[in-house]
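Asker: test case, fold it:
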Amino acid sequence: MKNNLGTNTKFILLHPYIQKQGGTNRVWILAFVSFFAVAFLLTLFYARDYIPTTSAPVISATSTAAANSPLSKSVARALVHYASNSNNTDRMSYTDIKQISDVLRQCSQPCNFLVFGLTHETLLWQALNHNGRTVFIDENRYYAAYIEEKYPEVEAYDVQYTTKLSEMKDLVSAVKQQVRNECRPVQNLLFSECKLGLNDLPNQLYEIDWDVILIDGPRGYWPEAPGRMSAIFTAGVLARSKKGGNPKTHVLVHDFNQKVDRMVSDEFLCRENLVKSEDMLGHFVLEKMDANCYQFCHSHNTA
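Answerer: Next comes the predicted model:
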């Protein structure tokens with residue numbers, strides 16, 4: 001029996017590798033497919049996160065450009081139209097507002113705009129000088145505080161005028177006597193004792209190169225009123241004392257038809273610098289002067 005078994009019987013031995021080979025192939029295929037599935041999902045998530053990241057700066061840049069762009073001509077025209085057609089009896093005429101609006105539109109951005117007087121047009125000037133700096137100076141401290149509280153975007157300061165309209169001639173004569181000292185045309189008024197110079201404004205305002213100055217205050221219609229002599233004189237000095245920026249400054253005097261305002265303007269803004277006089281507005285363009293100049297006007301023709 002032993003010999004027959006050893007001669008005729010054959011044993012077939014199956015190695016475990018052979019049994020598992022088919023299963024291993026399936027595992028590799030599954031792993032291969034899983035790898036590509038994970039890679040696809042990662043790509044999808046990355047692309048989803050990436051799109052907003054790239055588009056965000058584009059939106060931001062567009063918004064910034066729109067915010068910094070000058071006020072469109074159509075918007076400016078609409079503002080001027082509705083402001084001049086209000087029922088307020090103290091408002092400016094359309095002609096005067098249009099002139100001021102045109103000057104502001106010609107101003108290089110950003111425009112530094114100084115306004116003497118808080119009036120019916122205050123919010124209009126603030127809006128027309130879009131992206132620029134507009135500063136208001138008024139004689140009434142309570143009204144200035146009220147405007148700033150009601151309209152936080154408005155920058156307003158109060159100033160105490162020590163002049164009287166009835167003293168106009170004496171004040172002008174005093175300036176002429178001190179034209180080489182305290183009342184010279186080129187100086188920092190912060191340190192001046194000139195009777196017509198405003199030296200109690202916030203210090204920072206004396207360092208600004210103003211592009212446009214509008215004089216529509218203080219009051220000046222009766223002898224005890226402060227008059228606009230100080231505002232006109234101060235505007236003339238600020239324009240001539242610029243340190244940088246545009247060497248020219250537009251100075252606009254409202255109520256230019258009033259005799260006192262016209263006479264004081266002739267003294268310190270000078271008729272030679274008058275480029276336009278229409279309705280109730282006088283438009284002067286002054287250039288900065290050398291510090292050694294002691295004469296407001298090159299020629300003097302008083303009308």
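
Asker: all strands for the stretch 101-250 of the chain, in order.
Answerer: Counting by DSSP state E, counting those that start in this stretch, the stretch 101-250 of the chain has strands at residues 112-116, 133-138, 155-158, 212-215, 248-254.

Asker: burial measure for residue 279, as a count.
Answerer: 16 (other C-beta atoms under 10 Å). All C-beta atoms are positioned from the backbone trio N, CA, C, and that covers glycine.

Asker: for it, which non-adjacent residue is spatially closest?
Answerer: Using C-beta to C-beta, 6 or more residues apart in numbering and skipping residues adjacent in sequence, the residue nearest residue 279 is residue 95, 4.3 Å away.

Asker: got the contact list for the one you found?
Answerer: Contact analysis of residue 95 by C-beta atoms under 8 Å, 6 or more residues apart in numbering lists 278, 279, 281.

Asker: next one: it from residue 266, what distance?
Answerer: 22 Å (C-beta to C-beta, to the nearest Å).

Asker: residue 290 too?
Answerer: In terms of C-beta to C-beta, residue 290 sits 22 Å off from residue 266.

Asker: compare those two (neighbour count), which wins?
Answerer: Taking other C-beta under 10 Å, residue 290 and residue 266 do not tie; residue 266 has more neighbours (20 against 8).

Asker: geometric centre of this structure: which residue is closest?
Answerer: residue 132 (1.7 Å; C-alpha atoms, centre = their mean).

Asker: now do the contacts for it.
Answerer: 104, 107, 109, 110, 111, 112, 113, 211.

Asker: and which of these is nearest residue 203?
Answerer: residue 112 (15.8 Å; C-beta to C-beta).

Asker: that closest one contacts residue 207, doesn't it?
Answerer: No - if you go by C-beta atoms under 8 Å, residue 112 and residue 207 don't touch, sitting 10.8 Å apart.

Asker: in terms of neighbours, single out the busier of these two.
Answerer: residue 112 (21 against 10).

Asker: point out where the stretch 151-300 of the chain drops to low pLDDT.
Answerer: 300 (pLDDT under 70).

Asker: show me where it has its helices.
Answerer: Chain-ordered helices for the stretch 151-300 of the chain, with DSSP state H, counting those that start in this stretch as the definition, fall at 168-177, 229-240, 259-268.

Asker: which of the ones you listed sits most buried?
Answerer: Most buried of these, by mean neighbour count (mean count of other C-beta atoms under 10 Å): helix 229-240, with a mean of 26.

Asker: and it, what other elements does it pack with?
Answerer: strand 112-116, helix 168-177, strand 212-215, strand 248-254, helix 259-268, strand 281-287 (3 or more C-beta pairs under 8 Å, 6 or more residues apart in numbering; DSSP states H and E).

Asker: buried stuff in the fourth one?
Answerer: Spelled out, it's strand 248-254. By neighbour count on 16 or more other C-beta atoms under 10 Å, the buried set for strand 248-254 is 249, 250, 251, 252, 253, 254.

Asker: what do you get for the last one?
Answerer: Neighbour counts over strand 281-287 (16+ other C-beta under 10 Å) mark 281, 282, 283, 284, 286 as buried.
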